[in-house]
Each structure stands twice: as C-alpha cells, then as structure tokens.
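K.L.:
Fold the stuff below for me.
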Amino acid sequence: MPTRLAGYAGMFLLDNPGLLKTLRRKADEGVKIRIALGDPASREVARRGEEEGIGKGTLPAKVRNALAFFKPLADGSVAEIRCHKTTLYNSIYRFDDEMLVNTHVHGFVAAHAPVLHLRRLSGGDLFETYAESFQGIWDAAKPPKW
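P.N.:
The predicted structure follows:
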C-alpha cells in the first residue's frame, strides 16, 4: 500500500518525532513512499506565503526546513522526494486506503483550513479523484536541489 504526501511544506508532520522511524519501518515492509513538497525557489510557493499573510519568504523557508527534515529518507532510499511548482488547491496526505485532504482557503494558513478525511470505497470516486490529483503533481515534480 502506498504512502503519498503532497503539499508545500506540511509543517505539522515535522511535529511528530517518530515520523521518520515510522516511514522507515513502512518502507521496510514494502510500502512505496512519495513526498512532493513545494519548490522553495518557485513563485507559486512565495505567492502562497503572501496570500496567507505570512510574507513572501516565510513559506519558502518552511519548505527548506521540511526538505532538511525529510532528506535522510531520500539519502537512505526510503522515500522518493520531489519538489513541485503547482498552484495547490489542497494538500494530500494518503496512507494506504485513507487520505487527509487539507483544503486551502485564500487568506488563511493551512492549519486554519478544513481537512477532509476520506476512505477508499468501492462505490465512490472522491478518493480516486484526489489520488489522481496527487499523481499529476508528482508527474510534474522534479528532484529537489539539496
């Protein structure tokens, strides 16, 4: 089962001191982990910081912090990490057949925006819609410039 993370920085993930160990364990169990963070040099990331009211350079700095946090996973071939220049309408955090979708609200930081908890169901397509959205972000993303 996959683990997929797509956002600009996902700073709340960094609050979990056991996250790297958990992701390493999951990778050892055969889970493919893909992390797509914003390109800290992109105008999309800078603009998002301005729109959130936190300043042009703040969000790029947060992304650089997140990249430094996740770098050991890339160095150890635990996770594939890429940077994207997508204008995000939401952040996607998928773990197996469950997904958190952090909707982005203009003028608010991500932590103050609603989060949807989705489960893959045989009779619905909402989960698949967001899974396809992640794939589009991933396909356009490039390896980070460490």
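
K.L.:
can you give me the strands in this structure?
P.N.:
All strands of the chain, identified by DSSP state E, fall at 3-6, 33-38, 79-84, 90-95, 98-103, 115-119.

K.L.:
What pairs with the shortest one, parallel or antiparallel?
P.N.:
As defined by DSSP bridges, the strand partners of strand 3-6 come to strand 33-38 (parallel), strand 90-95 (antiparallel).

K.L.:
any idea how far Arg4 is from the residue lying closest to Thr3 once chain neighbours are set aside?
P.N.:
Spatial nearest neighbour of Thr3, excluding adjacent residues (CB to CB, 6 or more residues apart in numbering): Ile33 at 4.6 Å. (Each C-beta comes from the backbone N, C-alpha and C, glycine too.) Going from Ile33 to Arg4 by CB to CB, to the nearest Å gives 8 Å.

K.L.:
for Ile35, same thing?
P.N.:
Distance from Ile35 to Arg4, by CB to CB: 8 Å.
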